[in-house]
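Enquirer: sequence unavailable; structure follows:
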Ligand code: ADP
Ligand code: MG
């Protein structure tokens, strides 16, 4: 097999991905896990274990369990400072190069990393069901040549043919589909992982991303938050009468509990930290709220500010000139990080929060904060996309355009009637026949709508025009409305009166090329309002039916006045009045739906004898004409 997978060899976590039949996806382990901790444990027996298993060894064998080795990759011993040596395992020197000491042996960082890459190879082959040997591996944009070479060597040691060493922010931008942005678009990639932070500014030129600037801190990430939360726990432990000093094992347990609490608080607003039997006599238990976590984490997150400012200034770009800001790295799942980034970059979504409440959409100038991808999987997915491009599996990134939102027309009662559903591949064509709702109507108004909501007024109006036709009774006209979207994304609307052949055409340019964030907002609103919208549609439809039933009952009553017993007449008149009362109580296009349905049913029941009598009268008429009855 000639395929190329993509690998994110991260400081904290690694992942492998592949483009299958045009769709990039993470190759998961048999147990479903998608990320692999970049941790390697060297047992005294000589056995090596990697990933989750190695992570569990950390507590018991901290000196032989290597993590964050990416920091040492391709670096000279002489470059290391005190912070680079602050590990529970020993740092060694190998011919001037930084190395670690584990399992009684000196090992270069690329050797340690190759264990992770071997494990990823096994995982990929198990998931795919065939052997793979070609890979694209990502590195931070700031990696120098020696660091890139060491990464490549790590791949080769694991049995990979390393087809390309790709910049992480570029990979992320590919995964976010930003190759579709306009030429010269600029994006910021905010990557906050476990132990490193970097901000990169990319510019799209001829379909390729160029890194204009990158700035960051290789000592800033989720681990710092874990450490701060761990310190907080340690202080709480002391307050609660626990040990004043934590040994290595206790410290490791506290650190894990801190991280678990932090991760939980990205979804929940409070979580319980429990450390049973921290010592033989002491167990710890305490609730941590999201607000408390944010107070602890905020100063750490604020440390990204200077780097963001520096990267923008190096690139010569102002924040408002960016098209998008994308989030990468597991730590950006934290709501506080998203808020912070959104506000700092003046992203459209956050401008209102900054006091600009009066702004309408056109006035918003900030970049869009794009959170559409899983931040800790995007780099691997982007590497896989690059791999697929290199192997020719996706020749060029062929852009099959689809309609971002549904297109339709407004129908009687103010509802949206969809002609082309969202996500239809273009070019495309669809049509429907409509009729007149009112007697002697002289023209039909065609109101072109775009959106996912049930009611016309909640969708976007793309245009409206009138088609004249001959006065005919209600329901007799036949007007065909056809929507056609050509390959350039232009919507052609055609309305034709099938009787006279009279027609109208309009051209709408803005049907396909719609701002992504607005599309996202529209889709989200349609989901949030799904139940209310559905009720609104049912109300409008029931009200139409009720009005028809009332009109029909009135007509029948007038025609048969003489033949009906007075009780039947009264019953029908009363049912009409009741139904009309419910209709009259309609406010803002909504009323009491169950009550209306009940009244329709009552009216149907009350008019049943009328229908029978009408039928009898028609029969009599027929028989009389045939001379059977006199
Ligand atoms: P790296 O790029 O450094 O290999 P990742 O992108 O995988 O790392 O990010 C790892 C960091 O993300 C860790 O600090 C982890 O605790 C943090 N993290 C993962 N998921 C969440 C979450 N749901 N909420 C907050 N932080 C998270
Ligand atoms: Mg990363």
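Expert: Right, received. Where do you want to start? Source: prediction; values computed, not measured. Ligands and ions are numbered 1, 2, ... in the order given.

Enquirer: what's the neighbour count on residue 510?
Expert: For residue 510, the count of nearby residues is 13 (other Cβ atoms under 10 Å). Just so you know, the C-beta spots here come from the backbone N, C-alpha and C atoms, and that holds for glycine as well.

Enquirer: mind checking what secondary structure it has?
Expert: coil (DSSP: H, G, I helix; E, B strand; the rest coil).

Enquirer: need the pLDDT of it.
Expert: Note on residue 510: pLDDT of 76.

Enquirer: how much space separates it from ligand 1?
Expert: Computed as Cβ to the nearest ligand atom, to the nearest Å, the residue 510 to ligand 1 distance reads 38 Å.

Enquirer: surely that residue is in contact with residue 462?
Expert: Yes: if you go by Cβ atoms under 8 Å, residue 510 and residue 462 touch, sitting 6.7 Å apart.

Enquirer: so residue 285 bridges to which residues?
Expert: residue 274 (DSSP bridges).

Enquirer: mind checking pLDDT for it?
Expert: Taking residue 285 on its own, its pLDDT is 96.

Enquirer: thought it was touching residue 271?
Expert: No: with contact defined as Cβ under 8 Å, residue 285 does not count as touching residue 271 (11.7 Å).

Enquirer: look at those two and report which has more neighbours.
Expert: Taking other Cβ under 10 Å, residue 285 and residue 271 do not tie; residue 271 has more neighbours (18 against 11).

Enquirer: tell me who's in contact with residue 470.
Expert: By Cβ atoms under 8 Å, 6 or more residues apart in numbering, the residues touching residue 470 are 497, 499-500.

Enquirer: now do the SS call for it.
Expert: coil.

Enquirer: do the one 10 residues further on as well
Expert: Taken by three-state DSSP, the conformation at residue 480 corresponds to strand.

Enquirer: what comes up buried for stretch 567-583?
Expert: 568-569, 571-572, 575-576, 578-579, 582-583 (16 or more other Cβ atoms under 10 Å).

Enquirer: which stretches in the stretch 101-250 of the chain count as strands?
Expert: 105-107, 134-139, 161-167, 186-192, 197-205, 208-217 (DSSP state E, counting those that start in this stretch).

Enquirer: kindly report the same for the stretch 351-500 of the chain.
Expert: 368-370, 407-411, 415-420, 428-434, 443-450, 460-468, 479-485, 491-497.

Enquirer: save these as a markdown table, and put in mean neighbour count and distance to ligand 1 too.
Expert: Below are these laid out as a markdown table (neighbours: other Cβ atoms under 10 Å; distance: least, Cβ to the nearest ligand atom, whole Å):
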| stretch | mean neighbour count | distance to ligand 1 |
| --- | --- | --- |
| strand 368-370 | 22 | 17 |
| strand 407-411 | 22 | 37 |
| strand 415-420 | 20 | 37 |
| strand 428-434 | 15 | 39 |
| strand 443-450 | 20 | 35 |
| strand 460-468 | 15 | 35 |
| strand 479-485 | 19 | 39 |
| strand 491-497 | 20 | 41 |
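
Enquirer: residue 79: which of the ones you listed is closest?
Expert: Nearest of the strands of the stretch 351-500 of the chain to residue 79, taken as Cβ to Cβ: strand 368-370 at 35.5 Å.

Enquirer: so which elements touch that closest one?
Expert: strand 324-328, helix 335-344, helix 348-351, helix 516-528 (3 or more Cβ pairs under 8 Å, 6 or more residues apart in numbering; DSSP states H and E).

Enquirer: ok, it: who's next to it in the sheet?
Expert: Strand 368-370 is paired, per DSSP bridges, with strand 324-328 (parallel).

Enquirer: between the strand it pairs with and strand 197-205, how many degrees?
Expert: Here the directions of strand 324-328 and strand 197-205 differ by 140 degrees (axes from the mean of the first three to the mean of the last three Cα atoms, to 10 degrees).
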